[in-house]
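>>> sequence plus the predicted model coming up.
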Amino acid sequence: MTDFITDDTVKTHYWHKLDDERIQCDLCPRFCKLHADQRGLCFVRQNLNEQIVMTSYGRSSGFAIDPIEKKPLNHFLPGTSVFSFGTAGCNLACKFCQNWDISKSREMDTLMSIASPIAIAEAALKHNCDSVAYTYNDPVIFHEYAIDTAQACRSLGIKSVAVSAGYVCDLPRAEFYQWIDAANIDLKAFSERFYQQITGSHLQSVLETLCYIKHETSTWLELTTLLIPGENDSESELEAMTQWVVENLGHDVPMHFTAFHPDWKMRDIPATPMATLLEARRIALKNDVHYAYIGNVHNKSAESTYCHGCGQLLIGRDWYELSDWNIDDSGCCQFCGKRCAGVFKPKQGNWGAKRQAVLMPN
């Protein structure tokens, strides 16, 4: 049970006291060492009264219903709607952040909406959403709120989806993913240089999270890499990344290569060319990644799902709209019978591309 201090501040468990009177937060590998009243880089975790507390419990930057493909998840309940929310702050410092007004916020007034975990689960049920997504910023930093919400969702038969950078320590990672049904993890690059200089974090911790999710949980896993021209889009890096995925995670973890647009502190770099995205997809398929996609651009062929057995079109996608559906009730190709990896309903969802804002009751 969550231990409240005030309505929006809760005690946390992953920290320890240091000899110099500071307290170290042990939630993520950043290991912020905080003096009295000081906040960590994420801004929502604070040394208060000689303990680390979360200061934004139950407060959100907003609620909306999205297509599940927007997370992006192409093999988890395709075509269905997902009830989405986030908070504010982040434990990374990505210079290219495209949600910087939320993730980099230091103004708690950003958190305008208030909702308890059960209220979120009940809202998802009311709006006929199959799942709830912890997204917009990283659920690692609202760990307690996310877990309580996932537990409330599970009690009502609602799935939980995490959209995360995967930068989290071992014990909180294990606690979190036992409640998560699907995750899209940002594999931001495949070099320590990029992680250190561009995101202020480290690659190895993310790789460990990927292996943990794939091999130690039942959570469905997909990966996303935002390709930034001149930073993480070289042929050699994409070769190494996709080979690592196949060798360590297997052939069936879908990979999404998405287009960068100038934003936040990287406004001087041009948008990712379509040719770069298609080349990344080609390299992934060549290295025997069974499902590779491109995103943030329009290319129906490269957004669609094909059978890795016979090559036939299984799920047609045009942005977030589904067209062709050639998967049978058991999730197999209707042409050759090969199983398509993923979590599927007997029939495709029909939510489409729309996004619907939701106002939560006071």
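Yep, that arrived.
>>> from residue 135, how far off is the residue nearest to the spatial centre of the chain?
Centroid check for the chain by CA atoms, centre = their mean gives residue 163 as the closest residue, at 1.4 Å. The spacing between residue 163 and residue 135, counted by CB to CB, to the nearest Å, is 4 Å. To be clear about C-beta, it is placed using only N, CA and C from the backbone, and glycine gets the same treatment.
>>> quick check: neighbours shared by these two?
Common neighbours of residue 163 and residue 135, using CB atoms under 8 Å, 6 or more residues apart in numbering, are residue 71.
>>> which is the next helix or strand following the helix or strand of the chain with the lowest mean pLDDT?
Counting by mean pLDDT, DSSP states H and E, the chain has its least confident helix or strand at helix 100-103, which shows a mean of 56. Scanning forward in sequence from helix 100-103 by DSSP states H and E, the next helix or strand is strand 113-114.
>>> dump the next helix or strand after that following strand to PDB, keeping only the CA atoms.
Later in the chain than strand 113-114, the nearest helix or strand by DSSP H and E is helix 117-126. Provided in PDB are the C-alpha atoms of helix 117-126 (Å, rounded to 0.1, in the frame of the first residue of the first chain):
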ATOM      1  CA  PRO A 117      -5.400   5.100  -9.600                       C
ATOM      2  CA  ILE A 118      -8.900   3.600  -9.300                       C
ATOM      3  CA  ALA A 119     -10.400   6.700 -11.100                       C
ATOM      4  CA  ILE A 120      -8.000   6.100 -14.000                       C
ATOM      5  CA  ALA A 121      -8.900   2.400 -14.200                       C
ATOM      6  CA  GLU A 122     -12.600   3.200 -14.100                       C
ATOM      7  CA  ALA A 123     -12.300   5.900 -16.700                       C
ATOM      8  CA  ALA A 124     -10.500   3.500 -19.000                       C
ATOM      9  CA  LEU A 125     -13.300   1.000 -18.500                       C
ATOM     10  CA  LYS A 126     -16.000   3.600 -19.100                       C
END
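>>> contact partners of the following helix or strand past helix 117-126?
For helix 117-126, the succeeding helix or strand toward the C-terminus, using DSSP H and E, is strand 131-134. Residues from elsewhere that reach strand 131-134 (CB under 8 Å, 6+ apart): 66, 68, 71, 76-77, 80, 82-86, 120-121, 124, 142, 146, 149-150, 153, 158-164, 181-182.
>>> how distant is strand 131-134 from the center of its chain?
A distance of 10 Å separates the centroid of the chain from that of strand 131-134, by CA atoms, centre = their mean, to the nearest Å.
>>> do the same with stretch 62-72
11 Å.
>>> same question for it, mean pLDDT?
Mean pLDDT, computed over stretch 62-72, is 96.
>>> what residues of it count as buried?
Within stretch 62-72, the residues that count as buried by 16 or more other CB atoms under 10 Å are 62-72.
>>> same check, this time on stretch 340-352
Across stretch 340-352, burial judged by 16+ other CB under 10 Å covers 340-342, 344, 348-349, 351.
>>> just give me the least confident of those residues.
For the buried residues of stretch 340-352, the weakest pLDDT value sits at residue 348, with 89.
>>> any idea how far apart the tips of stretch 151-161 sit?
Terminal residues of stretch 151-161 lie 12 Å apart, using CA to CA, to the nearest Å.
>>> swap that for stretch 189-196, sorry
Distance between the two ends of stretch 189-196: 11 Å, counting by CA to CA.
>>> which parts of that stretch are buried?
Judged by neighbour count (16+ other CB under 10 Å), stretch 189-196 contains these buried residues: 189-191, 194-195.
>>> pLDDT on that stretch, on average?
Stretch 189-196 shows a mean pLDDT of 97 in the predicted model.
>>> for it, what is the distance to the chain centroid?
Distance of stretch 189-196 from the chain centroid (CA atoms, centre = their mean) equals 19 Å.
>>> stretch 35-44 too?
Worked out by CA atoms, centre = their mean, stretch 35-44 lies 24 Å from the chain centre.
>>> tell me the buried residues in it?
Those would be 39-44, for stretch 35-44 by 16+ other CB under 10 Å.
>>> now do the end-to-end distance for stretch 178-191.
Stretch 178-191 has an end-to-end distance of 29 Å (CA to CA).
>>> show me the chain divided up by domain.
What automatic domain parsing lists as the domains of the chain is 6-54, 59-352.
>>> could you export those domains to TSV, including columns for distance to residue 359?
As requested, the domains of the chain are exported to TSV (distance: least, CB to CB, whole Å):
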stretch	distance to residue 359
domain 6-54	19
domain 59-352	8
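>>> sorry, back to before: inside strands: which ones of the buried residues of stretch 62-72?
Judged by DSSP state E, the subset of these located in strands is 62-67.
>>> and those residues, which is closest to residue 217?
Nearest to residue 217 among those: residue 66, at 23.6 Å, using CB to CB.
>>> mind listing the helices for the stretch 151-300 of the chain?
Secondary structure of the stretch 151-300 of the chain (DSSP state H, counting those that start in this stretch): helices at 170-177, 192-194, 203-216, 235-249, 274-286, 300-303.
>>> what's the angle between the fifth one and helix 235-249?
In other words, helix 274-286. Using axes from the mean of the first three to the mean of the last three CA atoms, to 10 degrees, the direction of helix 274-286 lies 40 degrees away from that of helix 235-249.
>>> list of residues touching helix 274-286?
For helix 274-286, contacts defined as CB under 8 Å, 6+ apart pick out 225, 227, 229, 233, 235, 238-239, 242, 245, 255, 257-259, 292-294, 297, 299, 302.
>>> buried subset of these?
Buried among the contacts of helix 274-286 by 16+ other CB under 10 Å: 225, 227, 233, 238, 242, 245, 255, 257-259, 292-294, 297, 299, 302.
>>> thanks a lot, see you next time.
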